[in-house]
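Novice: Next comes the sequence, and after it the predicted model I'd like to discuss.
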Amino acid sequence: MQKKARYIDPDKCTACGDCAKVCPVDLPNEYDEKLSTRKATYKPYAQAIPGSYLIEKKDIAPCRQACPAHLNVQAYVAMIKVGKFKESVEVILRDAPFPGTLGRVCPHRCEKSCRRLNVDDAIAIRELKRFAADQVDLRELPVPDVTPREERVAIIGSGPSGLTAAYFLALDGYKVKVFEAMPEPGGMLRYGIPEYRLPRTVLDQEIDYIKRLGVEIATNTALGKDITIDDLLDEGYKAVYLAIGAWKPYKLNIHGEDKYENVVGVVDFLKKVHLRETTKVSGKVVVIGGGHSAIDAARVALRLGADDVNIIYRRSREEMLAEKEEVDAALEEGIKIHFQVAPLRISGSNGKLEGIECIRTRLTEPDTTGRRKPIPIVGSEFFIEANLIIPAIGQEPDLTSLSPKDGIEVSKWNLVVVNPATLQTNRPGVFAGGDVITGPATVIEAVEAGKRAAYYIGEYIQGKELPTELGEGEAMGDDWLDIPEDEEKKERVHPPLLEVSKRVNTFDEVNLCIDEEAAKEEASRCLDCGVCCECYQCVEACKAEAINHFDQDQEVKIEVGSIILSPGFDEFDPSIIDTYLYGKHPNVVTSTEFERILSASGPWQGHLVRPSDEKEPKKIAWLQCVGSRDIHHCANGYCSAVCCMYAIKEAVIAKEHSKNGLETTIFFMDMRTYGKDFEKYYDKAKEEGVRFVRCRVHSVSRIPGSDDLEIAYVMEDGIRREERFDMVVLSVGLEPSKSVPELAEKFGIELDNYNFAATSSFKPVETSVPGIQVCGAFQGPKDIPYSVMEASAAACSAACQLAPVRGTRVKEVPKPEERDISGEPPRIGVFVCNCGINIGGVVRVPEVAEYAKSLPNVVYVQENLFSCSQDAQEKLRQVIEENKLNRIVVAACSPRTHEPLFQETLISAGLNKYLFEMTNIRDQDSWVHSNDPDAATEKAKDLVRMAVAKANLLEPLPESEIDIAPSGLVIGGGIAGMVAALGLAEQGYEAHIVEKKDVLGGHARKIRWTWKDEDVQQYLNDLIEKVNNNEKITVHLSSEVKDVSGFIGNFVTTIENDKGERKEIEHGVAIIATGAHSIKPDEYLYGKHPRVYRWHDIDNLIAEKSDIITKKDATAVFIQCVGSREPERPYCSKICCTHSIESAIKLKDINPDMNIFVLYRDIRTYGPREDLYHEARARGVIFVRYSLDRKPVVEANGDDKLKVTVYDPILDSEVSIDADLVNLATAIYPRDHEEIAQMFKVPLNSEKFLVEAHMKLRPVDFATEGVFLCGLVHYPKPIDESIAQAMAAASRAATVLAQKRITTSGVVAYIDENTCVGCQGCLEVCPFGAITYDEEKHVCRVIPALCKGCGGCSATCPSSSVVLRGYTPKQIFAQIDEVLAY
Amino acid sequence: MSENGFQPKIIAFLCNWCAYAGADLAGVSRLQYPPNTRTVRVLCSASVSPHHVLKAFQKGVDGVFIGG
């Protein structure tokens, strides 16, 4: 498995959120369906497990990749966005020592790779860097702490490369000395770049900063003259870095070049200007060249007083290497540039320069290098007068300072040869970088070389092996954050320039700094390509030191015996249906987005508002079946099974949230409320005013000048209506995620026609590969209860396979002996937690701790930075032992999350774990009163005082253990009962099946096919055989349950057979699977006419190919919802629609000409069963809808004919059908199980179905422990669901049996039999059946194994005989007493 | 409340499983509310008897909040 790096250690993270507070990267919050934002450092959602934060990273941002020195552009831009200018500079300083310089002169290759170019224009990265640098006075910035080293390094040359190497070596602790030939350090930065581009104050500050790190700079010390490489190495320098630049001008190689004093190379010219040797220029100046230095020379000459400055350049403007802004500025200042002009010869007389003869050129087509070559145009010669000529056509290193004795290899290009990876020359310990190895290049490239050289010099000195070749290096990748489709265009900032008139005679800086507002605005244009920008603000903010930005993805191998796949589903993306305006109008949202809007933790804290204007909507429409039952817009022919129910729920909740009477309308085709209690919810919603409109909406349109929307729809009456809504919710379907085919291929499992995992009805959680199970919506769209059920079923399947090895890898932790504290006076230790700054930042923790010392019996008080950390736990253990503490109070976060941790520590210190009291001064104090430290501190003191008061009265509580009988009793021998029993037996536990009838099989004996046409009888026979052959299963036929006693782990059930023989069975768990029946109706002539059938009757006709159905013109009528969804049985029987349609198709198979009518109220072929409905319609089955107030009428028409009359709402008339048969889909109801329910103390609902502990989260458990349910006694369901539920029940039951014994909590109720009057009030209120009544002594008694410690009994008892241990009245009163005791 | 400087003291009996968890969630969400409550955690609001309420008033609290 590939385990993604979290970058935050979940074991150290306390989920305080301080990291997210400082994170500058805002991203759409997926959990809120992108309706809100989150940070790159985030917790996926409030209840996420693990509860720690994590950091999202993508590949390194393209700007950072493009920078030769890989400056962290995204981070320093992000810092500017949030106004952290100092931090921005600190980020830059991590990679280069020249923020202000680079912010002015860098050619910003980064901007060319900026993905903002895909939207509008690149971020002005250089301007931002310069802005940040200008906000920070480097002199005030502290230098980092450095661990000094002994080794010395010599650097020759103090240009950008030399100084960068010095900077990084110094940061690494080396003693660095820089030797500089010129009077001042800086190299070309000082002597090459004119001051109006780079003010010397900026450069000086940056060099000073480097010096503050301990770097020594010796100026006026030239290589070859004052020092040699040998000298330096002899003096003990461990390495030398040669960074002497490229100062020797290229020759023009034209006549007259060397004849005149006033022909000055550009390097010399600029150097002399900076040395104040040249302070004035007069007359006409001609500069030759098209690069930066040509422009620089021209503009400098202008500023020194030249009358007329000309630049001649061989190519056109497009080919100029100088930046566009520089060229523009030069032109603005009045400099003339002659394009496509080449110099021919320089002339003068008497040693005095007169001018230059030039020739015009034409350009060839671009050659292979992409450059266009200038070709002189014969006859176009002309002459330009000049008093000063400055050739600026490039330069090379001046290597005269190196002597052969130095032994440094030089290339034919006159460049120093180095290993391209390490920058080491042929001479060990001598490195070279910058212009001296590349020829003239940019500052940032020089910086890169310096940084790299510093690294390898360090490696060299430490004796590490250096690479000999330049590796290819890892590709940095291009998986970046997607650019939002609706990213707004924003203009790039244009930095202000100094007025031309102020420029031409001063060296004042020309490019001015942008202002703060513009900088933040510009920085906010960044697209956060890399997501986390690695600014490391979180690292500083995290007091728990949990963050590790160098964490890496891991490949994890786990040896397993079984696999369960549950990767879930994707929601349908409705933007492909263009008529619904999703993604184009903010007030058209998906149902999931609407869920987030309704959620208290959602984007608007649960206030019902619409996105466009955040106003409360007055009218909302839901459109059903978006991306479901749709083969036109998508290929999702199936029903998504959950949308009807969630739409009703959303409408009901939205009405509850609305302050001003919200109108809700659900547009639907069939209302599919087929689940347990769903129909009642639907009925209730109608009563509460949710409007249901039966139609599929064609389109949603904008209403001009308004944020509202119009829905046009046609109902069954054919009339077109238009209606205005404030908001439209699209009930989107579930679909397999796009990655499913790949996943399926990896595991070799089969998928169905919709790419859901393929399973059979009889093995509903098993894939085509043995040992690989599935559960949840990966197998098909389904709701939470069924998903949870399947999850337990999959666990059952896996546990059966792994039964022989169950428990073999469990290790038990030895417990130290518990200290007897009886007779000891309370010695309380109070631990007050700072939780980093989460508590300590608001509550004055030292004051609270000091206060705690004054409380009674407190003998030890300690403050912790993080009480939950491992070392704090260890300390706690020691302190308990050393100080003989016998009561512990922790004032920290929530006992709900942390009490068990502290209790474990108490146990390891030999204390009973109930001698612990925790009070919450974080979640319920510092976090919620963060603006009021005084009040929060007072509250913390009160809470500590209350906790101490209770702690004084705490007593050790016993936990007892009860053995579990390792067997289960299953009541009911149908499919569900047998599968459940097998589930137990195959996991290794004894199972008893009690079946009322004399055969196993239940109703399944009459069922022929599943809806997928699988043979039920064959499956049933196999199942019965398996059950009979399993030696762990005992089948009790013709038997009924007569009596049940005991509780979880220790039931004793008495059964009686048809001969009146009684038997007692001891069992640890019970599973009720008594099934259900179909009603025999007294309507539609059932039982009165031979051709009126139900359920199995029609199956038999089909199996027998009866004449009734094979004859020509045979007509069958199916009537649905017979006895279901009526006031008497207000529920849907769930299986009837599928069964009738499946039968109709079978009839069509036998007799394609047969007339088949299905009279229905809503077709509820949920999930993939929708395919059947589709097929039936395609094959000519006619569906006629009827309503409850206008039911069909069936009349006899002789013995073999029937007349069925029904009102057809589409034809708007009565239709009369001459039928050969009528089949009734009669309701399913449970029967003969009420006594069993009573004996096991489990509840029934008003329709007599058994009620599970929690509909969604505990779908096969009861509130009564140790008792489980499955099959139709829970609710009508098809075979596959019964089997899954039975496996789930077996799985849940096995979780009890696997424990071997039950540990009861110490926090249980206790009844004082001396004062109990036996009123049984407690017995009545106990929801867990944990209290029994002793008939002889007339007192009540608690069964600790069943008590959940709610204390309801205690509050009920009129004689105060019941107390809840650990929360006794005395203890609670002590807390109440202390609330005001200050 | 703050107009005349009156700062009531309210005792809150909170069920561990719902209301106390809700109070924790308010914290996680950094919702701000007046600092006048003092929580007594109970394992079910059903365990809060009239005695608790009367005792609290007897002791002089200004309000009793039972969350469950």
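Specialist: Received the coordinates, thanks. Residues are numbered from 1 along each chain as shown, chains lettered A, B, ... in the order given.

Novice: in a strand, that's where residue A:86 is, yeah?
Specialist: No - using DSSP: H, G, I helix; E, B strand; the rest coil, the assignment for residue A:86 is helix, not a strand.

Novice: Let me see the contact set for whichever residue of the stretch 501-650 of chain A sits closest to chain B.
Specialist: Residue nearest to chain B within the stretch 501-650 of chain A (C-beta to the nearest C-beta): residue A:601, separated by 6.4 Å. The way it works is simple: take the backbone N, C-alpha and C, and place the C-beta from them, glycine included. By C-beta atoms under 8 Å, 6 or more residues apart in numbering or on different chains, residue A:601 lies in contact with A:45, A:46, B:25, B:29.

Novice: which among those residues end up buried?
Specialist: residue B:25 (16 or more other C-beta atoms under 10 Å in any protein chain shown).

Novice: Dump the contacts of residue A:601 into JSON lines; add distance to residue A:238 and secondary structure as well.
Specialist: Below are the contacts of residue A:601 laid out as JSON lines (distance: C-beta to C-beta, whole Å; DSSP: H, G, I helix; E, B strand; the rest coil):
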{"residue": "A:45", "distance to residue A:238": "54", "secondary structure": "coil"}
{"residue": "A:46", "distance to residue A:238": "56", "secondary structure": "coil"}
{"residue": "B:25", "distance to residue A:238": "60", "secondary structure": "helix"}
{"residue": "B:29", "distance to residue A:238": "58", "secondary structure": "coil"}
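
Novice: tell me which of the contacts of residue A:601 is nearest to residue A:565?
Specialist: Distances from residue A:565 to the contacts of residue A:601, taken as C-beta to C-beta, are shortest for residue A:45 (23.1 Å).

Novice: The residue nearest to the closest one when sequence neighbours are not counted - how many residues pack around it?
Specialist: Nearest residue to residue A:45, sequence neighbours excluded (C-beta to C-beta, 6 or more residues apart in numbering or on different chains): residue A:31, at 4.4 Å. By other C-beta atoms under 10 Å in any protein chain shown, the residues close to residue A:31 number 20.

Novice: So residue A:31 belongs to a helix, correct?
Specialist: Yes - residue state for residue A:31 (three-state DSSP) corresponds to a helix.

Novice: List the residues that contact the residue of the stretch 701-850 of chain A found nearest chain B.
Specialist: Chain B sits closest to residue A:838 of the stretch 701-850 of chain A, with a gap of 9.7 Å, by C-beta to the nearest C-beta. By C-beta under 8 Å, 6+ apart, residue A:838 lies in contact with A:14, A:16, A:18, A:922, A:926, A:927.

Novice: The fourth one - nearest residue in space that isn't next to it in sequence?
Specialist: Nearest non-adjacent residue to residue A:922, counting by C-beta to C-beta, 6+ apart: residue A:893, 4.4 Å away.

Novice: circling back to that earlier point, give me the distance between the residue of the stretch 701-850 of chain A closest to chain B and residue A:411.
Specialist: Here residue A:838 is placed at a distance of 61 Å from residue A:411 (C-beta to C-beta, to the nearest Å).

Novice: same question, residue A:72
Specialist: Counting by C-beta to C-beta - residue A:72 and residue A:411 are separated by 34 Å.

Novice: between these two, who's got more neighbours?
Specialist: A count of neighbours by other C-beta under 10 Å puts residue A:72 above the other of residue A:72 and residue A:411, at 23 against 10.

Novice: Pretty sure the more buried one sits against residue A:535.
Specialist: Yes - using C-beta atoms under 8 Å, residue A:72 is in contact with residue A:535, at 7.5 Å.

Novice: Can you tell me the SS state at the residue nearest to residue A:199 when sequence neighbours are not counted?
Specialist: Excluding the flanking residues, the one nearest residue A:199 by C-beta to C-beta, 6+ apart is residue A:509, at 5.3 Å. Three-state call for residue A:509 (three-state DSSP): coil.

Novice: just the one 10 residues further on next, same as before
Specialist: State at residue A:519, reduced to three classes by three-state DSSP: helix.

Novice: before we move on, the earlier item: how much space separates the residue of the stretch 501-650 of chain A closest to chain B from residue A:954?
Specialist: 35 Å.

Novice: before we move on, what about residue A:129?
Specialist: From residue A:129 over to residue A:954 (counting by C-beta to C-beta), the distance is 62 Å.

Novice: more crowded one of those two?
Specialist: residue A:129 (30 against 21).

Novice: The more buried one sits in which helix or strand?
Specialist: helix A:125-135 (DSSP states H and E).

Novice: From chain B, how far off is the closest residue in space to residue A:558 that isn't next to it in sequence?
Specialist: Excluding its sequence neighbours, the residue lying closest to residue A:558 (C-beta to C-beta, 6+ apart) is residue A:1, at 7.0 Å. For residue A:1, the distance to chain B equals 30 Å [C-beta to the nearest C-beta, to the nearest Å].

Novice: tally of neighbours for residue A:1?
Specialist: 8.

Novice: Spit out the contact partners of it.
Specialist: So residue A:1 contacts A:555, A:556, A:557, A:558 (C-beta under 8 Å, 6+ apart).

Novice: In PDB, list the C-alpha atoms belonging to stretch A:282-289.
Specialist: These are the backbone C-alpha positions of stretch A:282-289, laid out as PDB (Å, rounded to 0.1, in the frame of the first residue of the first chain):
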ATOM      1  CA  SER A 282      30.200  65.000 -22.600                       C
ATOM      2  CA  GLY A 283      29.300  65.100 -26.300                       C
ATOM      3  CA  LYS A 284      28.100  62.200 -28.300                       C
ATOM      4  CA  VAL A 285      28.300  58.700 -27.000                       C
ATOM      5  CA  VAL A 286      27.900  55.500 -29.000                       C
ATOM      6  CA  VAL A 287      27.300  52.200 -27.200                       C
ATOM      7  CA  ILE A 288      27.700  49.000 -29.200                       C
ATOM      8  CA  GLY A 289      25.600  46.000 -28.100                       C
END
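
Novice: Could you tell me how many residues sit around residue 32?
Specialist: Using chain A here. Under the neighbour criterion other C-beta under 10 Å, residue A:32 is assigned a count of 21.

Novice: Chain B is the one I meant
Specialist: Residue B:32: 13 surrounding residues under other C-beta under 10 Å.

Novice: Kindly report the residues of chain B close to chain A.
Specialist: Residues of chain B lying near chain A by C-beta under 8 Å from any C-beta of the partner chain: B:9, B:11, B:16, B:20-21, B:23-33, B:35, B:38-44, B:46-49, B:51-52, B:55-56, B:59-61.

Novice: Any quick ChimeraX command for the buried ones out of those residues?
Specialist: Burial among these is assessed by 16+ other C-beta under 10 Å; the matching ChimeraX selection reads:
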select /B:9,11,16,20,21,23,24,25,26,27,28,35,38,39,40,41,42,43,44,46,47,48,49,52,55,56,59,61
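
Novice: Out of the residues of chain B next to chain A, name the ones that lie in strands.
Specialist: Using DSSP state E, B:11, B:38, B:39, B:40, B:41, B:42 are the members of the residues of chain B next to chain A that sit in strands.

Novice: which bits of the stretch 451-600 of chain A sit near chain B?
Specialist: So the stretch 451-600 of chain A meets chain B at residue A:600 (C-beta under 8 Å from any C-beta).

Novice: residue ranges with poor pLDDT in the stretch 451-600 of chain A?
Specialist: A:472-474 (pLDDT under 70).

Novice: Please, where are all the helices along it?
Specialist: A:500-503, A:516-523, A:537-541, A:591-598 (DSSP state H, counting those that start in this stretch).

Novice: can you check chain B too?
Specialist: Per DSSP state H, chain B carries helices over the ranges B:19-28, B:50-59.

Novice: how about residue A:1229, what does it touch?
Specialist: A:1076, A:1077, A:1078, A:1079, A:1129, A:1247, A:1248.

Novice: and the residues you listed, which are buried?
Specialist: Buried, going by 16+ other C-beta under 10 Å: A:1076, A:1078, A:1079, A:1129, A:1247, out of the contacts of residue A:1229.

Novice: Looking at residue 49 now. What's its pLDDT?
Specialist: Here I'm looking at chain A. pLDDT for residue A:49: 81.

Novice: My question was about chain B, not that one.
Specialist: The predicted local confidence for residue B:49 is 92.
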